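>>> quick one: sequence and predicted model below, then my questions.
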Amino acid sequence: MNETAQQYIQRITANVEGKQPLAVQAATAKKLERIIKGVPTAKLRKRPAPDKWSVSEILAHLADTEIVVGFRMRLILDAPGTPVVAVDQDSWVTSGHYEKRDPRKSVEQFRVVREANLALLKSLTPQQWKHYGMHSERGQETIEHIVRMYAGHDINHLQQIERILSKKPK
């Protein structure tokens, strides 16, 4: 999907309209566990198309991006206005060998890091929510905006996983 940074932001944040971003984020790990419960690892590792990520790869992506967002927020809180580097998520799938990762361990990693990030967020002052970094592709992003983006990112990938798992094998 070729979209501009602005189109991506609009698509992802639209997922959170009318929702509480922290509540969405707090519920994601349990939803992931529920969705993949009882699904054979082989099915989770099967790509729906050659150019589309498997459920297992999506789960590894979520685990790694949770580390990234936690690091970014901590950088911003330490030095507001700091540069934030974009990552090439498709390159990470390959270089991180996502196809070999244990999907259930990816969910566990995601859960643990998410809990740490939520604890941090719950401790912030109202002023800290306004601190921002300068994303190399998307521009200025406040902690508040980042939290909305990642809640929308959660919803996007939860829906993607549900679509993949609901398809009948050919």
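Sure thing, it's come through.

>>> what helix or strand does the nearest residue to Ala14 once chain neighbours are set aside sit in?
In space, not counting the residues next to it along the chain, Ala14 is nearest to Gly152; the distance is 7.1 Å by C-beta to C-beta, 6 or more residues apart in numbering. Any C-beta I mention is one placed from the backbone N, CA and C, and that applies to glycine too. Applying DSSP states H and E as the criterion places Gly152 in helix 143-166.

>>> Ala63: neighbour count?
Close neighbours of Ala63, defined as other C-beta atoms under 10 Å, add up to 24.

>>> likewise Ala49?
For Ala49, the tally of surrounding residues (other C-beta under 10 Å) stands at 7.

>>> let's verify it: helix, strand, or coil?
Three-state call for Ala49 (DSSP: H, G, I helix; E, B strand; the rest coil): coil.

>>> swap in the one 3 residues further on?
The three-state assignment at Lys52 reads coil, by three-state DSSP.

>>> tell me the contacts of Tyr98?
Residues counted as contacts of Tyr98 (C-beta atoms under 8 Å, 6 or more residues apart in numbering) are Trp53, Ser56, Glu57, Ala60, His61, Trp92.

>>> most neighbours, which of those?
Counting by other C-beta under 10 Å, top hit in the contacts of Tyr98: Ala60 with 27 neighbours.

>>> part of a helix, is that one?
Yes: in this structure, Ala60 lies within a helix as judged by three-state DSSP.

>>> thought Gly96 was touching it, still the case?
Yes: using C-beta atoms under 8 Å, Ala60 is in contact with Gly96, at 6.6 Å.

>>> contact partners for the most centrally placed residue in the chain?
Centre of the chain computed as the mean C-alpha position; nearest residue by C-alpha atoms, centre = their mean is Leu62, 4.4 Å away. Under the criterion of C-beta under 8 Å, 6+ apart, the contact partners of Leu62 comprise Leu32, Ser106, Phe110, Asp154, His157.

>>> helices or strands up against the helix or strand where the second one lies?
It stands for Ser106. Secondary structure here is read from DSSP H and E; on that basis Ser106 sits in helix 103-123. Where contact means 3 or more C-beta pairs under 8 Å, 6 or more residues apart in numbering; DSSP states H and E, helix 103-123 is packed against helix 21-36, helix 41-45, helix 55-78.
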